[in-house]
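*Asks:* this is a predicted model, with the sequence first.
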Amino acid sequence: MTITAKTETKVLVVDDNDLVRRCLKKMLERNGFSVVDHCSGAAALNSNIDDVWLAILDVDMPHMTGLELSYLLKEFNSTIKIILFSAHNPLSVEDVKKAKADAFVKKEDDISSLMEKINSLT
């Protein structure tokens, strides 16, 4: 499944795994998104994220989890859409709601699952 996006549609990707982060960035850019990526929640919060439409956050990161970052991003910008992304940590609906996230996708799902989730948020 391929969705199209305007290049001004900015997506924030935060993952401490360089390979995952680079792959997500490349896939999103191929689908027309403008992507900014960071390896930590602190780096993301210290960057210019005012115009970010969507954040895709790894759940299991050192120092600040994706759940914590999700909550802070929503406090800063209540309209930002957030997808939590994890290979190890299945989340309950309650966990996703507490983090103020909009969705959860397992990393082991194929990329079309992530794209479908993104499409459902547009």
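*Replies:* Arrived safely. None of the values given here were measured: they were computed from a predicted structure.
*Asks:* helix, strand, or coil at residue 47?
*Replies:* At residue 47 the chain is in coil, as set by DSSP: H, G, I helix; E, B strand; the rest coil.
*Asks:* show me the contacts for it.
*Replies:* Contacts of residue 47 were listed using C-beta atoms under 8 Å, 6 or more residues apart in numbering, and they are 36, 38. (Each C-beta comes from the backbone N, C-alpha and C, glycine too.)
*Asks:* same question for stretch 45-52, mean pLDDT?
*Replies:* The average pLDDT for stretch 45-52 rounds to 89.
*Asks:* for it, which positions count as buried?
*Replies:* 49, 52 (16 or more other C-beta atoms under 10 Å).
*Asks:* any idea how far apart the tips of that stretch sit?
*Replies:* Using C-alpha to C-alpha, to the nearest Å, one end of stretch 45-52 lies 12 Å from the other.
*Asks:* ok, stretch 46-56 next?
*Replies:* End-to-end distance for stretch 46-56, by C-alpha to C-alpha: 17 Å.
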